[in-house]
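Asks: Model the structure of this input:
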Amino acid sequence: MRADGKWLFIVGLTLTLLAAPFVQAQSDGTASPATSSEGLDVEVEQGGLVLIQMAIPRAINLDSKSDTIGLTEALSGTVKRDLTISSFFNILKPAQILAKSDREGMKPVYRDWFNSGAQGLIKISYKQVGKKVIADFRLFSVEGSDQVVLPKPFDGPIRIDASVKKLRAMAHEFANEVIGYYTKTRGFFGTQIVFVKGSRRTKEIYMMSADGVEETGLTGTRGINMLPSMGAGRLYFTSFRRGGPHAFRLGSGSTRPFAAYPGLNTGAVLSPDGSSVALTLSRDGNPEIYLLHPDTGKIKRRLTNSEAIDTSPAWSPDGQRIAFVSDRHGSPQIFVMNANGGGVQRLTFQGDYNQTPDWNPKSGLIAFTARDERAIFDIFTVDVGTKEIKRLTQNQGNNEEPTWSPDGRFIAFSSTRSGTAKIYLMDQTGRYQHKLSTGTGAYLTPFWVRY
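Replies: Next comes the predicted model:
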C-alpha cells in the first residue's frame, strides 16, 4: 500500500495548477511590485559576457504619409526587443546617440556612431506601396566602417504584405541573422511557447511568440486545462473535461480525447521522431510512465514498474532516453532511463523535492525545479554525464517549470518575483533574466516548442 504522502506528491506534481502560487509575498506581507522598462524587466548579473554595443534607431519611414498602423514598431521595435532578450547585446539608449539617423538615411556617418560608443548599427527603412511594404534591413560594422553582408533575403529590400504580424515575423528573422553573425548560432525568434494562463477558477492553454508579444488562446473551455506540450504541430494537454484528468490532443484545428484511462492521464510529451508519446498513467493503481501511439493513444509499452510514483517524462534530444521523476528512494528525485524502460540511473542525490525535468536539446544538461529548506522553488541544472548540479535562481520568489529554447542556450520558466506568476527567460548560467510575458493573469508551466 502507498502512504498518503506519496499521493500528496503525485497530486503536487500533476495538479499544481489548481493551487498555483499567484502572488509571492514579501517579508512585510505585501505583494512585490512589478517594474518595467520599454516592456522588459531585465536583471543582469555582473561579471557575465562582454556585450556588443549595438545602436538600433527607429525605422525610417520613407512615405509622405504618417505611420498609423504601427509599422515602425513592428520593424525596429521588434528587432530591438529581440536583441535585448538575446542577452548578447547592450542596446544604446537614444540619449547616448550623437548621430542623426533620419537625416543621414541608410548611409551612416560612421564617425558619429563610433563617437556614440556603437560597435554595430542596425538601420531599417520602409515604404508602403499599395498593400505591400518594401522594407530594407541593414547591419553595419561601425568599427569596420562597412555594411555586413547577410544572406538572402536580407541582401536587399524585401517586399512584404502590409501586416504587422508579417512584418514582425520578418524582423524576427533579421534578428536571428544578426545573432548568428555575432555568435555563429542563429537566434530562436519565430519559435513558440505554449503555457497555461488563468485565474483561480479557470486555466486555459495559450501560445505566445518567443518574445512574449503575441498571444493566442488554444482552449476555451472555462475549465481546468494544464501541462501543455507541443511537437510536430500537435498540442497535448491534460484537462478535467469529461471527468478527467484525461489527456487531449489538438491538431488541425480540432480537439479530441487522446488518453482517458482510469485514474491519471497527465504530462503527455511527443518523442523527437514523432513515433511515441510518453506520459503518466495510473490505470493499474500506481502512477507509472507509458509510451502511447501519438495518434490513437493506444498503449505501446509500459516503461516503469515499481511501487513508487514515476512521472514527468522528458525526452533526450535523440529520443533514446527519458528523464523522469520518481520517489522510489523516499523523496522525489530526477532519474533517466532508456526509451525502452531499461538502464535506469539516478541523477540527483541532494534536495528532498526535485521535479519537472527538461532535457537540453543540444547537450546533456537537464534543467529541473527543486524546493529548498525554506519551501521556496528554484531552477537548477544537472549534467547527465557528471551529475554536477548548478543553481540558476535564488531569492527571487518561486521559480518553476524550466523549458529549454530550441538552440539550447536559454531557459524559459515561471516566476512569482513580480507578484503574479509570469514567464521569464535566462541563459543557461542563470544570467540576464528578462520577463517575457506581457499580458495580465498568471502564466504557468511553459513548454518551448522545439520540433
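Asks: From now on I want contacts and neighbour counts done on CA atoms only, so please keep to that.
Replies: Will do.
Asks: Might you report the residue contacts of the nearest residue to residue 308 once chain neighbours are set aside?
Replies: Excluding the flanking residues, the one nearest residue 308 by C-alpha to C-alpha, 6 or more residues apart in numbering is residue 328, at 4.7 Å. Residue 328 sits next to 306, 307, 308, 309 when contact means C-alpha atoms under 8 Å, 6 or more residues apart in numbering.
Asks: In ChimeraX, how would I select just the buried ones from those residues?
Replies: Burial among the contacts of residue 328 is assessed by 16 or more other C-alpha atoms under 10 Å; the matching ChimeraX selection reads:
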select :308,309
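Asks: Only the buried residues of the helix or strand encompassing residue 113, if you could.
Replies: Counting by DSSP states H and E, the element that carries residue 113 is helix 110-115. Residues of helix 110-115 classed as buried: 110, 112, 113, 114 (neighbour count, 16+ other C-alpha under 10 Å).
Asks: Please identify the buried residues of the helix or strand following that helix?
Replies: Downstream of helix 110-115, the first helix or strand assigned by DSSP H and E is strand 120-129. Residues of strand 120-129 classed as buried: 120, 121, 122, 123, 124, 125, 126, 127, 128 (neighbour count, 16+ other C-alpha under 10 Å).
Asks: Next: stretch 242-262.
Replies: Counting neighbours by 16+ other C-alpha under 10 Å, one finds that the buried residues in stretch 242-262 are 244, 245, 246, 247, 248, 249, 250, 257, 258, 259, 260, 261.
Asks: Which residues outside it are in contact with it?
Replies: With contact meaning C-alpha under 8 Å, 6+ apart, stretch 242-262 is reached by 233-240, 263-266, 268, 281-283, 295-298.
Asks: From the contact counts, what lies against the top helix by length along the chain?
Replies: The single longest helix within the chain, with elements called by DSSP state H, is helix 164-183. Using 3 or more C-alpha pairs under 8 Å, 6 or more residues apart in numbering; DSSP states H and E as the contact test, the elements touching helix 164-183 are helix 78-86, strand 158-161.
Asks: Adding mean neighbour count as columns, could you present these in JSON lines?
Replies: Converted to JSON lines, the helices and strands packed on helix 164-183 look like this (neighbours: other C-alpha atoms under 10 Å):
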{"stretch": "helix 78-86", "mean neighbour count": "22"}
{"stretch": "strand 158-161", "mean neighbour count": "16"}
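Asks: Could you dump these into a markdown table and include distance to residue 143 and mean pLDDT?
Replies: Putting the helices and strands packed on helix 164-183 into a markdown table (distance: least, C-alpha to C-alpha, whole Å; pLDDT from 0 to 100) gives the following:
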| stretch | distance to residue 143 | mean pLDDT |
| --- | --- | --- |
| helix 78-86 | 19 | 97 |
| strand 158-161 | 27 | 96 |
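Asks: which one of those lies closest to residue 180?
Replies: Among these, helix 78-86 comes nearest to residue 180, with 11.1 Å by C-alpha to C-alpha.
Asks: Out of the helices and strands packed on helix 164-183, which gets nearest to residue 199?
Replies: Using C-alpha to C-alpha, the helices and strands packed on helix 164-183 put helix 78-86 closest to residue 199, at 27.3 Å.
Asks: which outside residues touch that closest one?
Replies: Residues outside helix 78-86 that contact it (C-alpha under 8 Å, 6+ apart) are 56, 89-91, 168, 171-172, 174-175, 179, 187, 189, 211, 425, 434.
Asks: Repeat that for stretch 359-375.
Replies: 314-317, 323, 351-358, 377-385, 399-408.
Asks: same thing with stretch 115-127?
Replies: Contacts of stretch 115-127 (C-alpha under 8 Å, 6+ apart): 52-63, 75-76, 92, 96-99, 106, 113, 133-143.
Asks: Now, of the contacts of stretch 359-375, which are buried?
Replies: Using 16+ other C-alpha under 10 Å, the buried ones in the contacts of stretch 359-375 are 314-317, 323, 352-358, 377-384, 399-406, 408.
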